[in-house]
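Student: model this:
(one chain, ligands or ions: 1)
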Amino acid sequence: MPYQYTVADRFCRYVQIDTQSDPLSDSYPTTEKQKNLGKLLVAELLAMGIADAHLDEWGYVYATLPANSHKNVPVICFCSHMDTSPDCSGMGVKPLIHLNYDGSDLVLPDDPTQIIRFAEHPALAQQIGNDIITASGTTLLGADNKAGVAEIMDAIAYLLAHPDLRHGTVKILFTPDEEVGKGTANVDLQKLGAQFAYTIDGETLGTIEDETFSADAMRVVIQGVSIHPGFAKGKMENAIKIAADIVAQLPKNSLSPETTEGREGFVHPTRIAGTLESAEIDFIVRDFTESGLAQHETKIRQIVQNAIAHFST
Ligand SMILES: [Zn+2]
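Tutor: As a prediction, this is how the structure comes out:
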C-alpha cells in the first residue's frame, strides 16, 4: 500500500473543529462539541481498518492497533487530549502553512499586530527550512494538543502501511477536558488495558518527560463587614485590604513560578477579585511530593491566619 505523508493535512483538518473545554461546566465532557472531533477520529480509524475504534458517552476515543509480532511485549498506549484551552477562542480557526521558513518574523494576517518575532522565540532558529503552521491572528491554533492527535493518527496509518515494522499491541486513547483538569476523570484504565502509556504533548523534538508535579488549587474567600463610611470606626472590615495583605505576605524570593525551577514547588495566585464586602483569591499549588503540597497549603493557611490577626480589633 503506498503511504502518503499526511500529518500536516490531518492537523489542519482537526484544528478547524472547535473543541474548547469549559472550566465552569459540570457536564462531562464539559462541552458537547468536543465529541465532534472524537467522531471524526473514530471514522478515520475505522476507515484505516481499526475495527474497535469508538467514542464513549464521556467523550473518550478508544482504539486498538493489533500486534503483528509474536514476541511477548507489553501493551503500550499513545494518548493525547482533543480539547483546547478556554483562554482563547477556538472557533473559526484558519491554519496557515508558512513554507520553507527563512528566519523572518511571522505576521498573522487577520490581526497584523500579532507578530511571532524571531528574536523572541529561540525555538524558531531550529525551524529554518521547515514548514511552520500558525493560526491567522484572531484565534489560538490548538496545536496543544491537536499536534499530538495528528501525530498518533499518522503513526497508526504508517504502522498499518508498513507491516514489516513489528510491534506489540498499541492502544490509542484520545481524551476530552485536559485543559480544565478533568482529562482522566472518567477514563476506564481496565478497558484500556495498557501497561505503559505515552502522552504525546508539549516540548520539542527529542524530549521525554518521565515525571510530573502534583497539583492542587486553593480558593481563599474573605467576608468583610460593610458599614457606611460615616459610621465605620471600629466596625468596618474591608475585604479588599485583607486580600491585599494576604498577597503582600507571599514570599518575594521563593515559592513562586518566577523564582523557582526544576523540581521546586510553588504557590501561585492566579486571580483576585473583590469588593469591601467580600473578596476571593485563587491559588494553584505545585510540588513533586504530596508532603510538599501539604506544606505549601499550610503556608497559605498561616498567611491567612496572620491577615486575620492583623485586622482583628
Ligand atoms: Zn496539552
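Student: Help me confirm that residue 117 comes into contact with residue 103.
Tutor: No - when contacts are counted by C-beta atoms under 8 Å, residue 117 is not listed as touching residue 103 (11.1 Å). Yep, even glycine has a C-beta here, placed from its N, CA and C like the rest.
Student: Could I get the full set of helices for the stretch 201-313 of the chain?
Tutor: In chain order, the stretch 201-313 of the chain shows helices spanning 239-249, 290-311, with DSSP state H, counting those that start in this stretch as the criterion.
Student: Make JSON lines out of those and add distance to residue 154.
Tutor: Listed next are these as JSON lines, based on distance: least, C-beta to C-beta, whole Å:
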{"stretch": "helix 239-249", "distance to residue 154": "47"}
{"stretch": "helix 290-311", "distance to residue 154": "38"}
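Student: List just the one of those helices that sits closest to the ion.
Tutor: Taking C-beta to the ion as the criterion, the ion comes closest to helix 290-311 out of the helices of the stretch 201-313 of the chain, the separation being 21.7 Å.
Student: between the helix or strand bottoming out on mean pLDDT in the chain and helix 290-311, how big is the angle?
Tutor: In the chain, the helix or strand scored least confidently by mean pLDDT, DSSP states H and E is strand 214-223, which has a mean of 92. Using axes from the mean of the first three to the mean of the last three C-alpha atoms, to 10 degrees, the inter-axis angle of strand 214-223 relative to helix 290-311 is 10 degrees.
Student: What lies in contact with strand 214-223?
Tutor: Contacting residues not belonging to strand 214-223 are listed as 181, 239, 242-243, 246, 267, 274, 277-290, 292-293, 297, 300, 304 [C-beta atoms under 8 Å, 6 or more residues apart in numbering].
Student: Please list all residues in contact with the one residue sitting closest to the centre of the chain.
Tutor: By C-alpha atoms, centre = their mean, the chain has its centre lying nearest to residue 179, at 3.8 Å. Residue 179 sits next to 21, 81, 83, 84, 85, 86 when contact means C-beta under 8 Å, 6+ apart.
Student: May I ask which of those residues has the most neighbours?
Tutor: Scoring those on neighbours with other C-beta atoms under 10 Å, the highest-scoring entry is residue 83 at 31 neighbours.
Student: From the ion, how far off is it?
Tutor: Counting by C-beta to the ion, to the nearest Å, the separation of residue 83 from the ion is 9 Å.
Student: So residue 209 is in contact with residue 201, correct?
Tutor: No - here residue 209 does not reach residue 201: they are 9.5 Å apart, not a contact under C-beta under 8 Å.
Student: the more surrounded of those two?
Tutor: Here residue 209 and residue 201 are set side by side on neighbour count (other C-beta under 10 Å), and the busier one is residue 201, at 17 against 9.
Student: Report pLDDT for residue 166.
Tutor: Per-residue confidence at residue 166 stands at 97 (pLDDT).
Student: which residue sits closest to it, ignoring its sequence neighbours?
Tutor: In space, residue 166 comes closest to residue 69 once its chain neighbours are excluded; the distance is 4.0 Å by C-beta to C-beta, 6 or more residues apart in numbering.
Student: Also residue 98?
Tutor: Per C-beta to C-beta, 6+ apart, closest to residue 98 is residue 132, 4.6 Å.
Student: residues contacting the one you found?
Tutor: Residues in contact with residue 132 (C-beta under 8 Å, 6+ apart) are 97, 98, 101, 106, 124.
Student: try residue 123
Tutor: For residue 123, the set of contacting residues under the criterion of C-beta under 8 Å, 6+ apart consists of residue 204.
Student: Kindly confirm my reading that it forms part of a helix.
Tutor: Yes - secondary structure assignment places residue 123 in a helix (DSSP: H, G, I helix; E, B strand; the rest coil).
Student: distance of it from residue 69?
Tutor: Between residue 123 and residue 69 the distance, using C-beta to C-beta, to the nearest Å, works out to 36 Å.
Student: follow-up on the earlier one: which one of the helices of the stretch 201-313 of the chain lies nearest to residue 170?
Tutor: Evaluated over those, closeness to residue 170 peaks at helix 290-311, with 32.1 Å, by C-beta to C-beta.
Student: and the closest one, average pLDDT?
Tutor: Taken as a whole, helix 290-311 carries a mean pLDDT of 95.
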